[in-house]
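# next one to model:
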Amino acid sequence: MYTAQTFTIPELKGISKRTVEEHLKLYAGYVKFSNLILEKIKELSSDTEKNAYTIGELQRRFSFEFNGMRNHEYYFKSLEGGPSQLSDDSQLKKAIVDQCGSYEAWMTSFITLALTRGVGWAMLYFDPMTKKLIGSWVDEQHLGQLNGLPLVLGLDMWEHSFIIDYSPADKKKYITAFFENLNWSVIEKNYLTARG
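From the prediction side, this is the model:
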């Protein structure tokens, strides 16, 4: 069974305490429903033939709840410890510059990705096969995850992550606030772990 993690998130610039509190409650719901689904599947497995359809639908729902749990763990961990800059000599910044020409060019492309219409996540992955960073949009929590690619950075673009502080038309301000609060040392560690 899964246990909700606790996060030590300082006061954030541009993202209210209320937003963080409500967002953490939503995360706890993903943990709760991941566990409930697994319990129900186990219960229904006593007669898999009779319960095949229900088990299948629960399995579909499990990927949504599980990925919602994991995506939020990356998100909240990246805000722990207060903001820090991505230093010029970091391995991640070097990879970004090598791949995109400049950090600014990468940031522009990532913000464009984050402004994709709909609810979901702007993700930065590392592809161990090509040794490249890949930005990708994930619909909802689970549609479009890139198989086998470890996550380096996850930006929640569901309205629950900003609606208390910003209107949907102002979500670019939320993206700016996210990056102003981001602890890049956490993201650098994710990158180094992904790179192996």
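# list phi and psi for Trp137.
phi -90, psi 140 (degrees, to the nearest 10).
# tell me who's in contact with it.
The neighbourhood of Trp137, defined by Cβ atoms under 8 Å, 6 or more residues apart in numbering, consists of Leu113, Thr116, Gly120, Trp121, Ala122, Met123, Gly144. Yep, even glycine has a C-beta here, placed from its N, CA and C like the rest.
# ok, those vs Phe178, which is closest?
Ala122 (9.7 Å; Cβ to Cβ).
# the helix or strand where that closest one lies packs against which elements?
If you go by DSSP states H and E, Ala122 is part of strand 120-127. Packing partners of strand 120-127 (3 or more Cβ pairs under 8 Å, 6 or more residues apart in numbering; DSSP states H and E): helix 103-114, strand 132-139, strand 151-156, helix 184-195.
# domain map for this structure?
17-77, 91-195 (automatic domain parsing).
# what's the first-to-last distance across the shortest one?
In domain 17-77, first residue to last residue: 16 Å (Cα to Cα, to the nearest Å).
# now do it, average pLDDT.
Mean pLDDT, domain 17-77: 97.
# same thing with the last one?
Domain 91-195 carries an average pLDDT of 97.
# can you list contacts of stretch 44-58?
Ile37, Lys40, Ile41.
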